[in-house]
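Trainee: coords below, sequence missing:
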């Protein structure tokens, strides 16, 4: 089947407003927009100015009215052994009841609510309940450190916190309430109330006058027949604020609006992911991250699909066949996850023996995003799954894909190492340090010509100047992605890492991502990371860390020598690659991103602080020990 991509992209470029006006027909509007795009509003203009809508209505009520028996949500928790499903009619009942409860607690349109919960259905219900009454939610990853949670309480100034007593990891229970209590004690902006869901794995202590029992208040509201209606909001009103770590240490609150977000996400489900109403779509992420907001909660429900809430891991709950069981059991058509999940599966089960136990007949495609998808992992997934494996690239700030391979428009040829082409709405360009366009295949900074499409951030929460300084100042007229890479003669984009990951070795600008590709191609390597380390002679020298696959019994020194030679053969002596270090694991955020910046500071002997999002702090000590005598 030939792809309609080029024709569709050309339609957008010829008339962006007509393109997005047509896409907006997928959404129910209370009042249509006065202007599809108003360049006079905000830092670079606003989409669907003057329109009124409600995101919860579009995600829940309209489906409940027409096909209420369709499954909206599947909850599967291997860590607790529980499963649950909700139809659209049942989801509407849950959401409208919780919305009535939080409205009774004094939360109204425009108020902020912090949600601090694990991967359970109530987290999704909480987000939708806020959207229903026009409250602005800010989800903080469950188990986030108290100090970091306190900074978000101070910035968002929420009236209410919706929390659970604990989260469940494969080998431990993480108590949330003590962290929340400490965060509130540290914060200057203290919420009036906490609504707490007590989980049976851990009952938390309640503070009288501030803390309320979720189950008790919901039961009381249900007995009284209380349900909240959808409240009209402006398309340009915030739906949520999602904090991303700032370089200054102060978190940046990315604002997502209601109207543009709905239009972009609904368009992407059909055209990028190729998923139809009633089909099961699984984003194996967490509601604390942008992927969870966009593709666990809003996009699948806006499109009338069935979404999956998974409380487990790709390996260890109970084995590396966890994802295959999910796909087979729940008839999942499309899976979206991070490359790190597949690297973990590949490390534990390199020959995909566990896959043989499951029927994957209905599975159509795997999408990867969240970090660079190395070609080796993509090819491994293609070989074992025999379906399209699609790398795509986007950011917390954009909320949906900047570049991808549009399955719904007809798949384009795959080029390993590339997330393929820019999506309609994004005029992606590669520029040099002076902001001038570079030639095809030449490395540079990746920028997007303004205006950004619907769904992207219009600003940062109460920080317009910081927004302009962080994203718009470096290249006037463009949004700076802070990613580096190149575009080939076919318009395929190659993301080679953050701008900071381009290292300067004796005057040569080299991509650590390119070196990581080489390391990952070694048959014994499961995962890797390359950083630039200070060097008095050359400015910087590359240093590679590798994690070996399960069952590899060879000498790490022998493998390290082979890796050094491999880089020399593939990239050349110019890379000056001489240091390869075998480690048991790499330091990562909870979403699976490798903490290369912190590793570099440790290697350089610079001051560093423990990243708020780190999954296991002990790994950094292991990295420090591994570096001793090597640098």
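Mentor: Structure received. Bear in mind that the values here come from a model prediction, so they are computed numbers and not experimental data. Numbers count the residues shown, from 1 in each chain.

Trainee: Need the residue closest to the centroid of this structure.
Mentor: In the chain, the C-alpha nearest the mean C-alpha coordinate belongs to residue 291, at 3.3 Å (Cα atoms, centre = their mean).

Trainee: who's in contact with that residue?
Mentor: Applying Cβ atoms under 8 Å, 6 or more residues apart in numbering, we find residue 291 in contact with 283, 285, 336, 369, 370, 591. C-beta: built from backbone N, CA, C; applies to glycine.

Trainee: Let's have those in a markdown table, adding secondary structure.
Mentor: Output for the contacts of residue 291, formatted as a markdown table (DSSP: H, G, I helix; E, B strand; the rest coil):
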| residue | secondary structure |
| --- | --- |
| 283 | strand |
| 285 | coil |
| 336 | strand |
| 369 | coil |
| 370 | coil |
| 591 | coil |
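
Trainee: Closest one of those residues to residue 123?
Mentor: For these, the closest approach to residue 123 (Cβ to Cβ) belongs to residue 285, at 12.2 Å.

Trainee: Which residue ranges make up each domain of the protein?
Mentor: For the chain, the structural domains run 5-312+392-485, 506-627, going by automatic domain parsing.

Trainee: Which one (most neighbours) among the contacts of residue 291?
Mentor: residue 283 (27 neighbours; other Cβ atoms under 10 Å).

Trainee: burial of the nearest residue to that one once chain neighbours are set aside, as a residue count?
Mentor: Nearest non-adjacent residue to residue 283, counting by Cβ to Cβ, 6 or more residues apart in numbering: residue 295, 3.8 Å away. Using other Cβ under 10 Å, residue 295 has 27 neighbouring residues.

Trainee: did I read that right, residue 295 in a helix?
Mentor: Yes: applying three-state DSSP, one finds residue 295 inside a helix.

Trainee: Run through the residues that contact it.
Mentor: Residue 295 makes contact with 265, 281, 283, 285, 336, according to Cβ under 8 Å, 6+ apart.

Trainee: Of those, which is the nearest to residue 210?
Mentor: Closest approach between these and residue 210, by Cβ to Cβ: residue 285, at 31.2 Å.

Trainee: residues contacting that closest one?
Mentor: Shown in contact with residue 285 (Cβ under 8 Å, 6+ apart): 291, 292, 295, 296, 336, 337, 338, 370, 591.

Trainee: Confirm for me that the fourth one is in contact with residue 305.
Mentor: No: using Cβ atoms under 8 Å, residue 296 and residue 305 do not qualify as a contacting pair, with a distance of 11.1 Å.

Trainee: Between those two, which is the more surrounded one?
Mentor: Each of residue 296 and residue 305 has its neighbours counted (other Cβ under 10 Å); residue 296 has more, 28 against 25.

Trainee: which residues sit in contact with the more buried one?
Mentor: 124, 283, 285, 286, 287, 307, 308, 309.

Trainee: Likewise for residue 444?
Mentor: Counted by Cβ under 8 Å, 6+ apart, residue 444 has contacts 430, 431, 432, 438, 484, 485, 486.

Trainee: Go again with 6 Å.
Mentor: Applying Cβ atoms under 6 Å, 6 or more residues apart in numbering to residue 444 gives the contacts 430, 431, 432, 438.

Trainee: buried residues in whatever helix or strand the first one lives in?
Mentor: So the one you mean is residue 430. Secondary structure assignment for residue 430, by DSSP states H and E: strand 428-431. Buried residues in strand 428-431, counted by 16 or more other Cβ atoms under 10 Å: 428, 429, 430, 431.

Trainee: before we move on, what about stretch 209-222?
Mentor: Neighbour-count burial for stretch 209-222 flags 211, 212, 214, 217, 218, 221, 222 (criterion: 16+ other Cβ under 10 Å).

Trainee: And that stretch, how far out from the chain middle?
Mentor: Chain-centre distance of stretch 209-222: 31 Å, with Cα atoms, centre = their mean, to the nearest Å.

Trainee: Which residues outside that stretch are in contact with it?
Mentor: In contact with stretch 209-222 (Cβ under 6 Å, 6+ apart) are residues 97, 100, 101, 194, 195, 196, 197.

Trainee: What of stretch 304-320?
Mentor: Contacts of stretch 304-320 with the rest of the structure, by Cβ under 6 Å, 6+ apart, involve 63, 71, 73-79, 119, 121, 170, 275, 277, 279-282, 284, 296, 300, 322-323, 341, 344-345, 348-349, 354.

Trainee: Report the buried members of the residues you listed.
Mentor: 63, 71, 73-79, 119, 121, 275, 279-282, 284, 296, 300, 322-323, 341, 344-345, 348-349, 354.

Trainee: Can you list which of these are found in strands?
Mentor: Among these, DSSP state E puts 71, 73, 74, 75, 76, 77, 280, 281, 282 in strands.

Trainee: Nearest to residue 159 among the residues you listed?
Mentor: Closest to residue 159, out of all of those and judged by Cβ to Cβ, is residue 73, at 26.7 Å.

Trainee: State the helix or strand in which the residue nearest to that closest one when sequence neighbours are not counted lies.
Mentor: Closest residue in space to residue 73, ignoring its immediate chain neighbours: residue 86 at 4.4 Å, by Cβ to Cβ, 6+ apart. For residue 86, the element it lies in under DSSP H and E is strand 82-87.

Trainee: about what we covered before: need the contacts of stretch 209-222 in a markdown table (columns: pLDDT).
Mentor: Shown next, in a markdown table, are the contacts of stretch 209-222 (pLDDT from 0 to 100):
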| residue | pLDDT |
| --- | --- |
| 97 | 98 |
| 100 | 98 |
| 101 | 98 |
| 194 | 98 |
| 195 | 98 |
| 196 | 98 |
| 197 | 98 |
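
Trainee: For ChimeraX, what selects the buried ones among these?
Mentor: Burial among the contacts of stretch 209-222 is assessed by 16+ other Cβ under 10 Å; the matching ChimeraX selection reads:
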select :97,100,101,194,195,196,197
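
Trainee: Among the contacts of stretch 209-222, which are located in strands?
Mentor: 194, 195, 196, 197.

Trainee: Can you say which two of those residues are spatially most distant?
Mentor: 194 and 197 (10.5 Å).

Trainee: what's the most distant pair in the buried residues of strand 428-431?
Mentor: For the buried residues of strand 428-431, with distances taken as Cβ to Cβ, the pair at the greatest spread is 428 and 431 (10.6 Å).

Trainee: Could you list the low-confidence segments of the stretch 351-500 of the chain?
Mentor: Within the stretch 351-500 of the chain, the set of residues satisfying pLDDT under 70 comprises 499-500.

Trainee: quick check, nearest of the buried residues of stretch 209-222 to residue 608?
Mentor: Proximity to residue 608 was ranked across the buried residues of stretch 209-222 by Cβ to Cβ; first place goes to residue 211, at 36.2 Å.

Trainee: And that closest one, how far from residue 432?
Mentor: Here the criterion is Cβ to Cβ, to the nearest Å. By it, residue 211 lies 55 Å from residue 432.

Trainee: Brilliant, that's me finished.
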